[in-house]
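K.L.:
please find the sequence and the predicted model below.
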Amino acid sequence: MKLIGVDIGGTKCAVVLGDENGNIIDKIKFPTSDVNTTIEKIEHAISDFEEYAAIGISCGGPLDAERGIIQSPPNLLGWDNIMIKNMLEKKFSVPVFLQNDADACALAEWKFGAGRGCKNMIFLTFGTGMGAGLILNGQLYSGTSGCAGEVGHIRLEDYGPVGYGKAGSFEGFCSGGGIAQYAAAKARAIMQTGQKVSYCKSSCELSLITAKSVAEKADQGFEDAICVYKECGKMLGRGLAILIDLLNPERIVIGSIFTRSEKLLRDEMQKVIDKECLKSTAEICKIVPASLGESIGDVAAVAVAVNRMSSLAE
């Protein structure tokens, strides 16, 4: 069975042709622009493919997955109450399914990646932001209003980097932007004592610090950069400990920054989990990096269609 996947991102979009096993057969990419132009490009790209059973869409939230409405995502200006499900169903006469990107990635890793075979699995984005997709009792759990998995909003400390509009949040400590904020604050404090900072030459460059630039110095053995990632690892462990005790998953799959910098995060993360978690829940939960790599966005969009078509067939 062939399926279409549409991955709508803040800067780029992809329309892919895949199958029920998560294989990507063909792909068309283009930049995201204004809503009307982008939807026209999506429709044109879908028209280039033939003989598909359904269309799956992965897009940043907020959105109404059941009604198929994109509801003003912060990284998609002008995408206000876009009834994309109805638009595409009317044009292509096949079922269309919409899912937020964290849930879509959770489906992809569950069906085709590091979460295969799990009944209870959590997927964490850990990229630009920190969000979660929850697979509970063998199915995607979205919550009463489709907002389940907003773990980035959990407060871990009263003070700290700001993420998801909240200082000291899980996203504040464990996201690309959060790591950059924490590293900049640490660099400023070090510079005020007259010492040098490996990942920042002067106070004029504080705004240029990124999670990647700090990780590069940490990988080279610079202690100040290593300490930034140790703090991030500690907070990652604190957030994971809450999820492990609350949801009792057998596996937690973590993407993006964790896949690239696991060795900088793992030890501190595990120390906190060992200290904070119930032994019975911690022992049965494996924490692993996502396995789909750069292709996860493409596979995720197809996985949305795979999951919903499988549900309809049951």
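P.N.:
Received the coordinates, thanks.
K.L.:
for Ile55, grab phi and psi.
P.N.:
Per-residue torsions, Ile55: phi -120, psi 130 (degrees, to the nearest 10).
K.L.:
that one and Lys2 touch, don't they?
P.N.:
No: using Cβ atoms under 8 Å, Ile55 is not in contact with Lys2; the gap is 11.0 Å. Where C-beta positions appear, they are placed from N, C-alpha and C, glycine not excepted.
K.L.:
list the buried ones in the helix or strand in which Leu246 is found?
P.N.:
If you go by DSSP states H and E, Leu246 is part of helix 223-247. The neighbour-count check on helix 223-247 (16 or more other Cβ atoms under 10 Å) flags 224-241, 243-245, 247 as buried.
K.L.:
helix or strand next in line after that helix, which one?
P.N.:
strand 251-254.
K.L.:
what does that next one contact?
P.N.:
106, 109, 113-115, 118, 120-124, 126, 240, 243-244, 285-291 (Cβ atoms under 8 Å, 6 or more residues apart in numbering).
K.L.:
which ones among those residues lie within strands?
P.N.:
121-124, 286-289 (DSSP state E).
K.L.:
next one: stretch 122-131 to chain centre, how far?
P.N.:
Centroid separation between stretch 122-131 and its chain, computed with Cα atoms, centre = their mean, to the nearest Å, is 4 Å.
K.L.:
what do you get for stretch 160-179?
P.N.:
15 Å.
K.L.:
stretch 62-72 too?
P.N.:
Worked out by Cα atoms, centre = their mean, stretch 62-72 lies 18 Å from the chain centre.
K.L.:
what's the answer for stretch 1-19, then?
P.N.:
That offset, for stretch 1-19, works out to 16 Å (Cα atoms, centre = their mean).
K.L.:
buried residues in that stretch, which are they?
P.N.:
Quick answer for stretch 1-19 (16+ other Cβ under 10 Å): 2-9, 13-18.
K.L.:
same question, stretch 103-121
P.N.:
103-115, 118, 120-121.
K.L.:
thinking again about what came up before, would JSON lines of the ones in strands among the contacts of strand 251-254 with pLDDT and distance to Asn307 be doable?
P.N.:
Shown next, in JSON lines, are the ones in strands among the contacts of strand 251-254 (pLDDT from 0 to 100; distance: Cβ to Cβ, whole Å):
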{"residue": "Met121", "pLDDT": "98", "distance to Asn307": "13"}
{"residue": "Ile122", "pLDDT": "98", "distance to Asn307": "16"}
{"residue": "Phe123", "pLDDT": "97", "distance to Asn307": "13"}
{"residue": "Leu124", "pLDDT": "97", "distance to Asn307": "19"}
{"residue": "Lys286", "pLDDT": "97", "distance to Asn307": "22"}
{"residue": "Ile287", "pLDDT": "98", "distance to Asn307": "23"}
{"residue": "Val288", "pLDDT": "97", "distance to Asn307": "21"}
{"residue": "Pro289", "pLDDT": "96", "distance to Asn307": "22"}
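K.L.:
I'd like to know which of these are buried.
P.N.:
In the ones in strands among the contacts of strand 251-254, the ones that pass as buried (16+ other Cβ under 10 Å) are 121-124, 287-289.
K.L.:
circling back: from the contact counts, what lies against the helix holding Leu246?
P.N.:
strand 132-136, helix 170-173, helix 176-191, helix 211-219, strand 251-254, helix 257-276, helix 279-283 (3 or more Cβ pairs under 8 Å, 6 or more residues apart in numbering; DSSP states H and E).
K.L.:
go through those and pick out the most buried.
P.N.:
Sort the helices and strands packed on helix 223-247 by mean neighbour count, taking mean count of other Cβ atoms under 10 Å, and helix 170-173 sits at the top with a mean of 28.
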